[in-house]
Structure formats: structure tokens, C-alpha cells
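# based on what follows, work out the 3D shape:
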Amino acid sequence: MKFNTKAIHGGQHDIDPAYGSVMPPIYQTSTYSQSTPGGHKGFEYSRSGNPTRAALERALASIENGEFGLAFGSGLAAIDAVMKLLKPGDEVVSTNDLYGGTYRLFSTIFKDFGIKFHFIGMENAENIEEYVNDNTKLIWVETPTNPMMNIIDIEACAKIAKKHDVLLAVDNTFATPYLQQPLDMGADIVMHSATKYLGGHSDVVMGSLVVKEKSLAERLLFIQNASGAVCGPQDSFLVLRGLKTLHVRMQRHCENGKMVAEYLNNHPKIEKVYWPGLSSHPNHDIAKKQMKDFGGMVSFTTKGNNYKDAIAIVERLKVFTLAESLGGVESLAGHPASMTHASIPKEEREKTGVVDSLIRLSVGIEDGDDLIEDLKQAIG
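Presented below is the predicted three-dimensional model:
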């Protein structure tokens, strides 16, 4: 089954037995009737499992070419579950350019639990080897990274992980399984903030994990159930609905992203554009190798690295909305240094390029010409 068909039908083998509903019903229930203690129809309590959530989890596994999907209350809840696979004394090698909430979770919560983190540049995957030792248990990758759009070679990372018998987890939020499928490249765990492209309509908060290996899935399912970081049936329904248009939405995100990136790249007031589809991108060749297209996330800096100029631009935008998050049908603009990445100390974020003039765009599926006109009037 090809991806476009999987997005609609993948994992959806159960027809509603009551009325033949085409879409899985929303099972808005906390508990389930039992004929005798332990005698139930597969569900006993909705923290442990819910039919609507189960339908979504099967669909998530299908589009990522995995075997087991888990849906969480948020992307950070999903990352939190992965971190709970570890114990005090373990070490994690993580990319140094990553979502601010992930950095905060690693550096202010799990660091205090005795887990050591190495935040490094992974644009050359060979850099990872220097930091792997007997205590290393996990390599954490984002690609493309947030917000600098760095590209990390997943296959190269997987070879290093396998060589040292450590887990490789890939945050696939920016690319989505439409553009790349990390499990097929050797990753052990794929994470999504399903709030973003998978949901696609800026109306739900959710996270997900997908894995192939049964024992790993069982450990994560135990952690999920024991910690209670699950999503509700209504949210599960919304993301399942979103998955069914992921392929057509991503096509337009990519088309518009290319238009916007090329326009900005030729603008005299723009210093630098970060989008993996540009031939000038440092790892453009790796992006071509592991991605179907280059996505709708574009970051750029203005000349002079002036904070006030960047703020003025995002405040003047009219079609783009100044807001946190990304991946919805509408175009969004953000200022990472003061918004999504404000939790990272200024000195640390500037090392990775998150300077005061950096603007991050989530290019939506509106008419591309309207987006260009909006940028034109905002930048001046």
C-alpha cells in the first residue's frame, strides 16, 4: 500500500460493528462494562486503552512503517516517556539545535535525575562517536532541526547507534512521515508533536511515538500507562482525521515553502535563509537522499542582526499569524529567541544560530502569491 492510500486507510481494518461508521466513533468513556472480573472486550479503563485512541495508534504505526504506535497528551509527554527508559548515570547524545521545550526537559528536569546530556552539532554524524561511551544509552536527533533547519544523516546515526548498542530516537515533526520515515533508515523510535502537521489544523495538542520492536513497545506502553500521559478520544479523533489529508497538505506546504524560501533568498534585506531545499544548504545532498521533498518550514535572518527589525517584520505580517507552533493549514510566523526557544539561555542558543534577528516561518497552504505579497509588505 502506497503512502497516499495508507494516510487514509492504513491500520483502519475495523469497521464499526454497531452501524458501519466509516470513521471510527469517538468513544467518550472512561470505563467499560465487564461480564466478570477481567472479562472485557479488550478495554477496561481509558487510561490503559481507548478504541478511538487505538485506531489512531494503528494509523500512526502504518504511516511510519512501524509496528506499534502510542499517542500521548503532548509531544513533550511522548519525549518524557522515552527519557523514562533511562536511569541515573545514563548518558544521552542530543543535537544542539532542537525545540526549546525538549532542551528544557532534558536540561532542567532529567539532568536533575542523574542523566547526563551532551548537546552537539550533528550535521557531521561522525561527531557523535566522540561522545559515546559505556554509559550512553540514547542518541536524540531532530532533522530538520528547530529552528535552524539543519539536516542530520539518519542512516549514519543509525550505524553509530547499532555499533554501540544504543537507542536512536528521531523527532520527525518537521518532516512528517510523508517526507521521511526514520524507522526505515535504522531508527528505533520516531517521535512526533502530532499537534503540528499530523493534526494539521491547530486545534489539538498531542504527541506520538512509533516503534518496530515489540519489547521496546511494551516498555513504553508500561511507562505511558503508569505515568498516565495519554490523550483523550476527542483529540484522537481530530488527529486521525488530520492524517487523512496529510499527503495533500504536505504537497502544498512544500510548494509554498519553496516559493517563500526562494523569494527570501533573493531579497536584498535578508542576510541568510535556512531551508534544506536550497542548493546552498550545507547538507542539501543528505536532505535529497533521505527526504521526499523539503518541507514548509523556513527560517531567515535580516541584515544587521537587529532585534527591532525582526520584531517589526513579524508585527507587520497580515496573512502570516504571529503565534507559537507550526504545521497548521494557516501560515504562522515566530521569533524563536523570544518565543519557542526563550527557555534556552541566550549564550547557548546563539551558538547554534538562534540570534535575535532570526524569524521562523511555518508556511501554510494558502495561495503562494498572497504569502509572497505579505512578506514583501512586511519586510519593505
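
# show me what counts as buried in the helix or strand hosting residue 312.
For residue 312, the element it lies in under DSSP states H and E is helix 307-316. If you call a residue buried by 16 or more other CB atoms under 10 Å, then helix 307-316 has these buried ones: 307, 309-311, 313-314. Quick note: C-beta positions are derived from backbone N, CA and C, even for glycine.

# can I take it that residue 94 is in a strand?
Yes. Under DSSP: H, G, I helix; E, B strand; the rest coil, residue 94 sits within a strand.

# got the contact list for the nearest residue to it once chain neighbours are set aside?
Distances taken as CB to CB, 6 or more residues apart in numbering place residue 140 nearest to residue 94, at 4.1 Å, with adjacent residues excluded. Applying CB atoms under 8 Å, 6 or more residues apart in numbering, we find residue 140 in contact with 92-95, 98, 102, 106, 169, 171.

# same check, this time on residue 121
95-97, 127, 150, 352.

# now residue 52
Contacts of residue 52 by CB under 8 Å, 6+ apart are 24-27, 233, 236-237, 240.

# sort out for me which of those residues are in helices.
Of the contacts of residue 52, the ones assigned to helices by DSSP state H are 233, 236-237, 240.

# ok, residue 153 - contacts?
125, 283, 286, 289-290.

# quick one: the strands in this structure, in order.
68-72, 91-95, 116-120, 136-142, 167-171, 189-193, 207-211, 270-274, 297-302, 321-322, 332-334, 358-362 (DSSP state E).

# can I get those in a markdown table including mean pLDDT and distance to residue 80?
Below are the strands of the chain laid out as a markdown table (pLDDT from 0 to 100; distance: least, CB to CB, whole Å):
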| stretch | mean pLDDT | distance to residue 80 |
| --- | --- | --- |
| strand 68-72 | 98 | 8 |
| strand 91-95 | 98 | 13 |
| strand 116-120 | 98 | 14 |
| strand 136-142 | 98 | 13 |
| strand 167-171 | 98 | 12 |
| strand 189-193 | 98 | 11 |
| strand 207-211 | 98 | 9 |
| strand 270-274 | 97 | 28 |
| strand 297-302 | 97 | 24 |
| strand 321-322 | 98 | 29 |
| strand 332-334 | 97 | 23 |
| strand 358-362 | 98 | 24 |
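
# reformat those strands as JSON lines; add distance to residue 263.
JSON lines is the format used below for the strands of the chain (distance: least, CB to CB, whole Å):
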{"stretch": "strand 68-72", "distance to residue 263": "37"}
{"stretch": "strand 91-95", "distance to residue 263": "28"}
{"stretch": "strand 116-120", "distance to residue 263": "33"}
{"stretch": "strand 136-142", "distance to residue 263": "26"}
{"stretch": "strand 167-171", "distance to residue 263": "28"}
{"stretch": "strand 189-193", "distance to residue 263": "27"}
{"stretch": "strand 207-211", "distance to residue 263": "33"}
{"stretch": "strand 270-274", "distance to residue 263": "9"}
{"stretch": "strand 297-302", "distance to residue 263": "10"}
{"stretch": "strand 321-322", "distance to residue 263": "19"}
{"stretch": "strand 332-334", "distance to residue 263": "14"}
{"stretch": "strand 358-362", "distance to residue 263": "11"}
